[in-house]
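Enquirer: here is a sequence with its predicted model. Questions after.
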Amino acid sequence: MMLKATLITAFACLAATAAPTPGRARAWCLDANDGKKLAARYTDLRGDFTEGKALAVLAQGFTEMSDSANVVAGKPPGSTTYASQQEFIDAGLAGLLPRPEALDVLDVLAVTCDTVTLRWSLRLAAAAANDGSDGPLPDVLGVSVLRAVMEEDDWRVGGVWTEFNSWAYLQGVEATHI
């Protein structure tokens, strides 16, 4: 009988720690709706950077990895693109983040307990292609994997892994700086 009472107590304790806190607005695991909201908040930050948005969207332990961005910036592939929330904010304030004409989430591909995977399209400022044609610049297409963390009772982006077609990005940067 003592073993049965001990097991019941143990399972009750485990269930209580996994259950959301009463009165708390969020559970410990992302749902599809929260994942889509986090993707939208992150792309809004990338599309229209402000320090206030960065502080509201990025977790304190934020990092970003992108070989595509590293190649564009002259950093070695495999290195960390932004090692901290503050480094990302400093890059944004210095104008080192792209200022797109449009940044759209094409699809939220997957939402798991702590990860959101999305496809996006970035359009740089309207300018003619720099290849002798009068056609528009190609959109920059990319995929980002966001690691979500709960901070201050809100989902924030704790880490990002992004890859994009850097050739289209470089064409756009070159065309807008001539």
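Expert: Sure thing, it's come through.

Enquirer: which parts of stretch 140-154 are buried?
Expert: Val140, Gly142, Val143, Ser144, Val145, Leu146, Arg147, Ala148, Val149, Met150 (16 or more other C-beta atoms under 10 Å). For glycine as for every other residue, the C-beta is placed from the backbone atoms N, C-alpha and C.

Enquirer: the helix or strand containing Ala59 pairs with which strands, and in what direction?
Expert: According to DSSP states H and E, Ala59 maps onto strand 58-65. The strands that strand 58-65 pairs with in its sheet are strand 80-82 (antiparallel), strand 154-164 (parallel) (by DSSP bridges).

Enquirer: closest to Leu55 out of those?
Expert: strand 154-164 (9.6 Å; C-beta to C-beta).

Enquirer: and the contacts of that closest one?
Expert: For strand 154-164, the external contacting residues (C-beta atoms under 8 Å, 6 or more residues apart in numbering) are 26, 30, 34, 37-38, 41-42, 56-59, 61-69, 122, 140-151.

Enquirer: mind listing which of these are in helices?
Expert: Of the positions in those, Asp34, Lys37, Leu38, Arg41, Tyr42, Ala56, Val57, Asp67, Ser68, Ala69 sit in helices, assigned by DSSP state H.

Enquirer: now the first one: how far from Arg156?
Expert: Just to be clear, that refers to Asp34. From Asp34 over to Arg156 the distance is 11 Å, taken as C-beta to C-beta, to the nearest Å.

Enquirer: between the two, who's got more neighbours?
Expert: Counted by other C-beta atoms under 10 Å, Asp34 and Arg156 do not tie: Arg156 has more neighbours, with 23 against 18.

Enquirer: next one: the more buried one from Leu137, what distance?
Expert: 32 Å.

Enquirer: same deal with Ile89?
Expert: From Ile89 to Leu137 the distance is 28 Å (C-beta to C-beta).

Enquirer: equivalent analysis for Gln85, please.
Expert: Applying C-beta to C-beta to Gln85 and Leu137 gives a distance of 31 Å.

Enquirer: then Tyr42?
Expert: Where Leu137 is concerned, Tyr42 sits at a distance of 23 Å (C-beta to C-beta).

Enquirer: on that earlier part again, would JSON lines of the buried residues of stretch 140-154 with pLDDT be doable?
Expert: Putting those into JSON lines (pLDDT from 0 to 100) gives the following:
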{"residue": "Val140", "pLDDT": "91"}
{"residue": "Gly142", "pLDDT": "94"}
{"residue": "Val143", "pLDDT": "97"}
{"residue": "Ser144", "pLDDT": "97"}
{"residue": "Val145", "pLDDT": "98"}
{"residue": "Leu146", "pLDDT": "98"}
{"residue": "Arg147", "pLDDT": "98"}
{"residue": "Ala148", "pLDDT": "98"}
{"residue": "Val149", "pLDDT": "97"}
{"residue": "Met150", "pLDDT": "96"}
